[in-house]
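Q: Take this sequence and fold it.
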Amino acid sequence: MNFNGQHLIFGTVQFFIIVILAPFFAGFIHKLKQRARGQKGINIFQFYLNFNKLLKKEIVLSKDASFVSNIAPYIVFADYLVILLMMPAFYRYSLLGVSSDVILIAYSLALATFFMTLYAMDQGSAFGGLGASREWFLTVLSEPSLIFVFISLAIYTKHGRITDIFYFVQKGAANAFLSGIHSGAVSIAIPFLLFISLFIVSISENARIPIDNPETHLELTMFHEANILETSGKHLGIYEYGSYLKLTVFLTVMSLILFPYMAVNIYQIPLALIIYVLKMLILCILIAGVEIVNPKMRVFRVPNVLSVSFILSLIAMILSIRGF
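A: Predicted coordinates:
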């Protein structure tokens, strides 16, 4: 097998493993929260069963809906799939690694949000308009932090592709920020700041407590859920699975910042996969812990939390520029 063929095969394996595991990570978080509340909890594979059930149900659309409502769920789902095609997880080479520009990934996430909110407004529902406005309220506050996190990584490592960035971090080549040209304190501070900033953004972008509550059906507290309140059948299943993929994207990036280890050859893949799953489960436990100890906060307190993320990412970017 030639080198490019090996990348293609194992890059494809990596992609499908991530896509298949996505509902498991979301279900694991949900199970932990229920057990912490003293409940028996759902089957850890319940989200797979829910997706299969929704795919068999009829799609019901508003009489005011246009063709946008028919294509938006598929565009959102395909967008997250493309992002995962760019992402490394446990193998150094992703299928679209050549195109894995950090700014492109950030804009791809925004594109999915755009079509989801377009779908919400296309239903002609008051709750859809409420959800769309709140969604962009959060996005406007969180996107700058996300972009600054990616730019900080790109500046520090002097690479623009996310596959190269984390390979550079892993190897510590050319005095990267884990063993870099700075003092030890600064070398530790940059990934720590980026991790905390991205963790806050991921809470916001994935509708997690305390910023949002993915389990609520109270209209006055809805953010993300209000966008798909009118969704049913296959479309709802696609949106739900897309949310699992989005959560997996953020968890994967955080896992690579926390402990950047990827296989560079086929012999390292089993160990790299085990480490990847362990890192993801640790992050799931962390998210579940945050949701258990925090109540849902008021809408107008959300900017205070996201401003902390922005400041941390800005500090990390300044430190990265100093080392350029």
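Q: Pull up the per-residue confidence for the residue most central in space within the chain.
A: What sits nearest the mean C-alpha location of the chain, by CA atoms, centre = their mean, is F250, with 2.8 Å. Among the per-residue scores, F250 holds a pLDDT of 95.
Q: Is it correct that it is in contact with N206?
A: Yes. Counting by CB atoms under 8 Å, F250 sits close enough to N206 to count as a contact (6.4 Å). Placement of C-beta: from N, CA and C, glycine included.
Q: A strand includes the residue nearest to the centre of the chain, no?
A: No. Assigned with DSSP: H, G, I helix; E, B strand; the rest coil, F250 falls outside any strand and is helix.
Q: Spatially nearest residue to it (excluding sequence neighbours)?
A: S202 (3.8 Å; CB to CB, 6 or more residues apart in numbering).
Q: do M297 as well
A: P210 (4.5 Å).
Q: got it, and I285?
A: The shortest distance from I285 to any residue that is not its chain neighbour, by CB to CB, 6+ apart, is 6.5 Å, and that residue is L32.
Q: burial of the one you found, as a residue count?
A: L32 sits with 20 neighbouring residues when counted by other CB atoms under 10 Å.
Q: Same question for H224.
A: Residues contacting H224 under the criterion other CB under 10 Å number 26.
Q: i'd like the first residue to be 40 from this point on
A: Done: numbering now begins at 40, and the last item shifts to H263.
Q: ok, now which ones touch it?
A: Residues in contact with H263 (CB atoms under 8 Å, 6 or more residues apart in numbering) are G170, E174, A246, D251, P253, S282.
Q: again, 7 Å this time
A: Under the criterion of CB atoms under 7 Å, 6 or more residues apart in numbering, the contact partners of H263 comprise E174, A246, D251, P253.
Q: Settle this for me: Q73 is touching G80, isn't it.
A: Yes. Assessed by CB atoms under 7 Å, Q73 is found in contact with G80 at 3.5 Å.
Q: Distance-wise, check A149 relative to T178.
A: In this structure, A149 and T178 are 7 Å apart, going by CB to CB, to the nearest Å.
Q: Comparing those two, which residue is more hemmed in?
A: T178 (18 against 15).
Q: Ignoring the adjacent residues along the chain, who's closest to that one?
A: Counting by CB to CB, 6+ apart, T178 lies nearest to T152, which is 5.4 Å off, once chain neighbours are set aside.
Q: ditto for F262
A: Beyond its immediate neighbours in the sequence, the residue positioned closest to F262 (CB to CB, 6+ apart) is D251, lying 4.2 Å away.
Q: Pull up the per-residue confidence for that neighbour.
A: Reading off the per-residue confidence, D251 sits at a pLDDT of 80.
Q: hmm, back to that, got a winner among the contacts of H263 for most neighbours?
A: With neighbours defined as other CB under 10 Å, the most crowded of the contacts of H263 is D251; it has 25 neighbours.
Q: Could I get the full set of strands for the stretch 40-189 of the chain?
A: Per DSSP state E, counting those that start in this stretch, the stretch 40-189 of the chain carries no strands over any range.
Q: Which residue ranges of the stretch 240-363 of the chain form helices?
A: Ranges of helices in the stretch 240-363 of the chain, per DSSP state H, counting those that start in this stretch, are 272-297, 308-332, 341-361.
Q: in what helix or strand does I190 lie?
A: helix 165-196 (DSSP states H and E).
Q: Low-confidence bits of the stretch 90-239 of the chain, can you list those?
A: Regions of the stretch 90-239 of the chain meeting the criterion pLDDT under 70 cover residues 211-226.
Q: doesn't G281 make contact with Y119?
A: Yes. With contact defined as CB under 7 Å, Y119 counts as touching G281 (5.2 Å).
Q: Can you give me the neighbour number for the nearest residue to V338 once chain neighbours are set aside?
A: Setting aside the residues directly before and after it, V338 is nearest to R173 in space (CB to CB, 6+ apart), at 7.4 Å. Residue crowding around R173 was assessed by other CB under 10 Å; the count is 20.
Q: Isn't R173 up against N266?
A: No. Proximity of R173 to N266 does not meet the contact threshold set by CB under 7 Å, at 8.7 Å.
Q: what's the angle from the longest helix along the chain to helix 308-332?
A: Residue-count comparison of every helix in the chain, with assignments taken from DSSP state H, identifies helix 42-75 as the longest. Here the directions of helix 42-75 and helix 308-332 differ by 30 degrees (axes from the mean of the first three to the mean of the last three CA atoms, to 10 degrees).
Q: Helix 42-75: which residues count as buried?
A: Residues of helix 42-75 classed as buried: 46, 49-50, 53-54, 56-58, 60-72 (neighbour count, 16 or more other CB atoms under 10 Å).
Q: I204 contacts L192, correct?
A: Yes. The criterion here is CB under 7 Å, and I204 meets it with L192 at 5.0 Å.
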